[in-house]
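>>> Fold the following for me, if possible:
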Amino acid sequence: MPLPASKTFLLQILSLLCVIFLLPASSLSPIQKRSLSLFCQPSILASSTIPPMDVKIDTAKSLFGSKFSGQTATIIAVAPGRVNLIGEHTDYTGGFVLPFAIDYSTVVMGTGSVEEKPDNQERTASIRFVSDKSPEEVESFEISESSKPPTETAWTTYVVGTVFQYLPDLKSSQSHLDLTFTIAGDVPLGSGLSSSASLEVSVARFVEVVLGDAAFSSVDNDSIKSPAKWRALRCQKAENEWCHSPCGIMDQAVSSAAKAGSLLLIDCRSLTFNETKMNEQSDDTPVLVIANSNVQHDIAGGEYPVRVAQCKTATEALRQVNPNIESLRDATPDDVETAREYMDETSYKRAKHVTTENERTLQAKEELERGDWNRVGELMNESHASMREDYEVSCEEVDVLVDIAQQFPGVYGSRLTGGGFGGCTVTLVAKDKAQDLMDHMQQEYKARTGKHCPCFETKPSRGAHLLSIKDHKPFV
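Predicted coordinates for the structure are as follows:
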């Protein structure tokens, strides 16, 4: 039943007021998670509108003026969330992924400096920041090269851990990095759209501007010359070591390096990026629709680390038949069948998913460029079935969303996107059917689960970038 106009308008107003920075689920209590999921939706329930960038900038600017009135913000850094079209749970085994950046993003606005402190014995940093999640509280941290990650992860750990990665770039042990900034974002919490990577990468890009030419000066690996790649590696390291999350490189890589209008085929072993555009030679080029199940996930805990360990177990079994296999990236589906006698059923299923998913991802890139939408859709459907049956990372609500979409006229394919255990789906649908699909998904999902299902149409957007303080336009 459609919402009355007055209630729809109220929801729209609440949505704009609720552009709250939704941080990694591991940092919040169950009560906080439930409260946020009920109150702060990533899009209004009856619309596909994405909050405009100006909302985030105005929020960050207002916070800076109220909390740091004696200073002037000179930097605006932005980093997006992401959707993975296909290639799930393959990145931490060095495989292939095909994600793209979205318009939901995190804005970091502030200022900083580097100074020499003769009394310093090691490189240090002072970090002061405030977020629109808790606008009354200014967070303050002092760190040094000898700082250790906390045993418990708070949302602030993602910020501090990222800054820590840049301390080696400081010129000497007497160098001190001083940072003051605000954070505003709208990447939905626990939705599989990479809120944590968006936060890390936006903070990293901000720090790089403060450091200037010194950024990445400590890097000695000539095989990787791209700042975007080093940024991604540092942000991944922050999440792995400081936040105790065994994530792969995909989220940070696409948030850092994505190009507007292109998906990014990432070889997660070599860190090579291949821009991939959907064939737009004809009028029937489909669009991408994202639907949020409103079931939150947490990759730092629960089943995600278990899957990482299971992949390692499967790799050990594969080495019984081929000692040259270093990770599941090196194996084929035939290898998995050959080594099945050395695996328990769970290891077999995990290896089967990863090896077939790598093949699907490479084929999807070719079909996207060719414009064979039916085949792309088939690959997406196969991917979801594999995620559900072999990798076992879907859930009832996500399966309902996928089923609703797959049965709708004009849909080519639909699948879970992100780490799983909740989160979002991505659907490839004919352009003229997109709004009808979103309306249908929201109504049918509510009827079948009792939950709301925010939906939005999206296109590949730009990765990390800087905006002008004066007019908020992107720097070239």
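>>> where does the stretch 201-350 of the chain have low pLDDT?
221-225, 281-283, 297-301 (pLDDT under 70).
>>> could you show me where the helices are in the chain, in order?
Taking DSSP state H as the criterion, the chain contains helices spanning 5-17, 30-39, 53-67, 155-164, 195-211, 227-237, 250-257, 303-318, 333-338, 345-370, 373-389, 396-406, 434-449.
>>> contact partners of the fourth one?
Okay, so that is helix 155-164. 23-24, 27-28, 125, 127, 129, 131, 133, 139, 141, 143, 147, 149-150, 177, 179, 183, 196, 199-200, 203-204, 207, 234-235, 238-239, 241-243 (CB atoms under 8 Å, 6 or more residues apart in numbering). Placement of C-beta: from N, CA and C, glycine included.
>>> quick check: angle from it to helix 227-237?
With axes from the mean of the first three to the mean of the last three CA atoms, to 10 degrees defining the directions, helix 155-164 sits at 130 degrees from helix 227-237.
>>> Please tell me the pLDDT value assigned to Glu36.
Heads up, residue 36 is Leu, not Glu. Here, the pLDDT recorded for Leu36 equals 33.
>>> Can you list the buried residues in stretch 372-385?
372-373, 375-384 (16 or more other CB atoms under 10 Å).
>>> next one: stretch 139-152
In stretch 139-152, counting by 16+ other CB under 10 Å, buried: 139, 141, 143, 147, 149.
>>> tell me which of the residues you listed is nearest to Cys453?
Closest to Cys453 out of these is Glu139 (33.5 Å), distances taken as CB to CB.
>>> Isn't the closest one up against Lys133?
No - assessed by CB atoms under 8 Å, Glu139 is found out of contact with Lys133, at 10.5 Å.
>>> Tell me which of the helices of the chain lies nearest to Ser293.
Smallest distance to Ser293 across these (CB to CB): 4.4 Å, for helix 396-406.
>>> just how off-centre is that closest one within its chain?
21 Å (CA atoms, centre = their mean, to the nearest Å).
>>> Same question for stretch 412-432.
15 Å.
>>> sorry, back to before: highest average neighbour count across the helices of the chain?
The highest average neighbour count among the helices of the chain, using mean count of other CB atoms under 10 Å, belongs to helix 250-257 at a mean of 30.
>>> what's near enough to touch Gly463?
By CB under 8 Å, 6+ apart, the residues touching Gly463 are 79-80, 101, 201, 228, 254-259.
>>> Now it: closest residue in space that isn't a chain neighbour?
Ala258 (3.6 Å; CB to CB, 6 or more residues apart in numbering).
>>> Quick one: neighbours of the one you found, just the number.
Using other CB atoms under 10 Å, Ala258 has 27 neighbouring residues.
>>> mind checking how far it is from Tyr158?
The gap separating Ala258 from Tyr158 is 20 Å, by CB to CB, to the nearest Å.
>>> rewinding a little: narrow the contacts of helix 155-164 to those in strands?
125, 127, 129, 131, 139, 141, 143, 177, 179, 183 (DSSP state E).
>>> Report the spatially nearest residue to the fourth one, omitting neighbours in sequence.
Take Ser131 and drop its neighbours on the chain: the residue closest to it by CB to CB, 6+ apart is Ile183, 4.1 Å away.
>>> Also the first one?
In this structure, Ala125 finds its nearest non-sequential neighbour in Leu177, 4.0 Å apart by CB to CB, 6+ apart.
>>> so where is the stretch 1-150 of the chain shaky, pLDDT-wise?
For the stretch 1-150 of the chain, residues meeting the criterion pLDDT under 70 lie at 1-51.
>>> Please repeat the previous calculation with a cut-off of 50.
Applying pLDDT under 50 to the stretch 1-150 of the chain flags residues 1-48.
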